[in-house]
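K.L.:
A structural model of the following input is requested.
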Amino acid sequence: LLLTAEPESAVIPVPQAAGERHRRATVADLTLRDQLLSSQTITDNVAALFQNERECDAIGEDGNPSGLITRQNLFTQLGQLYGNALYRHKPIREIANLAPLIVDGSLPPDDAARLATARPYDTRYDPLIITVDGRYHGLVAVFSLLDHLNFGEVLLGQGGLEASSMETTLGNAGSSQASA
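P.N.:
From the prediction side, this is the model:
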């Protein structure tokens, strides 16, 4: 799925503690920030949002995510026989995925990618909902995780990282990209 928000730059800055050479990237570093949509939002209003190229939204209340609605799922449900009549004026939670993959922002991208690709086929490429300190932080697209892992493998192949650790240091990654 394509998310409408884009990261601010191709290289994601990773803050480093004093004296620390580099820090392992986390899924929170790859998160596209977006607001949490209320699970009480009327389906017709969400459909209007999705008409404007929006691809998905996390739903929940008071910073606590409880589900995910994707454009594909929404329009599939509304396009079924009587779907529009049944769901158009109901809360979005009625057709949202109420069992999405929600992961803590401190999780390494490779672990998050393994969890994402182990999901059932119909939700395998749905974005992951990221929380930090138990609160909604944003969404991460599976393709972003896979791109991040592929970039790490390129660095490994170029001798940019030790083969024994998949710690991709985005500070080093940025300098590798800039010089390429």
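K.L.:
grab the nearest non-local neighbour of Cys56.
P.N.:
Nearest residue to Cys56, sequence neighbours excluded (CB to CB, 6 or more residues apart in numbering): Thr70, at 4.4 Å. Where C-beta positions appear, they are placed from N, C-alpha and C, glycine not excepted.
K.L.:
can you check Ala116 too?
P.N.:
Nearest to Ala116 is Val142, by CB to CB, 6+ apart, at 4.9 Å.
K.L.:
OK, contacts around the residue nearest to Cys56?
P.N.:
1, 55-56, 97, 126-127 (CB atoms under 8 Å, 6 or more residues apart in numbering).
K.L.:
and of those, the nearest to Asp29?
P.N.:
Compare each of the contacts of Thr70 with Asp29 using CB to CB and the shortest gap goes to Pro127, at 15.4 Å.
K.L.:
go ahead and flag the most central residue of the chain.
P.N.:
Centroid check for the chain by CA atoms, centre = their mean gives Val140 as the closest residue, at 1.3 Å.
K.L.:
quick check: that residue touching Ala113?
P.N.:
No: with contact defined as CB atoms under 8 Å, Val140 does not reach Ala113; the gap is 9.7 Å.
K.L.:
quick one: low-confidence parts of the protein?
P.N.:
By pLDDT under 70, the low-scoring segments of the chain are 1-22, 151-180.
K.L.:
and the helices in this structure, which stretches?
P.N.:
For the chain, the helices defined by DSSP state H occupy 43-51, 71-79, 83-87, 109-117, 142-157, 170-179.
K.L.:
ok, back up a step: and the contacts of Thr70, which are buried?
P.N.:
55-56, 97, 126-127 (16 or more other CB atoms under 10 Å).
K.L.:
for burial, what's the neighbour tally of Ala28?
P.N.:
19 (other CB atoms under 10 Å).
K.L.:
how about it, what does it touch?
P.N.:
Per CB under 8 Å, 6+ apart, neighbours of Ala28: 105-106, 130, 132, 137.
K.L.:
those residues in strands, which ones?
P.N.:
130, 132, 137 (DSSP state E).
K.L.:
so among those residues, which ones count as buried?
P.N.:
130, 137.
K.L.:
save the ones in strands among the contacts of Ala28 as a markdown table, and put in distance to Pro91 too.
P.N.:
A markdown table is the format used below for the ones in strands among the contacts of Ala28 (distance: CB to CB, whole Å):
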| residue | distance to Pro91 |
| --- | --- |
| Ile130 | 24 |
| Val132 | 26 |
| His137 | 23 |
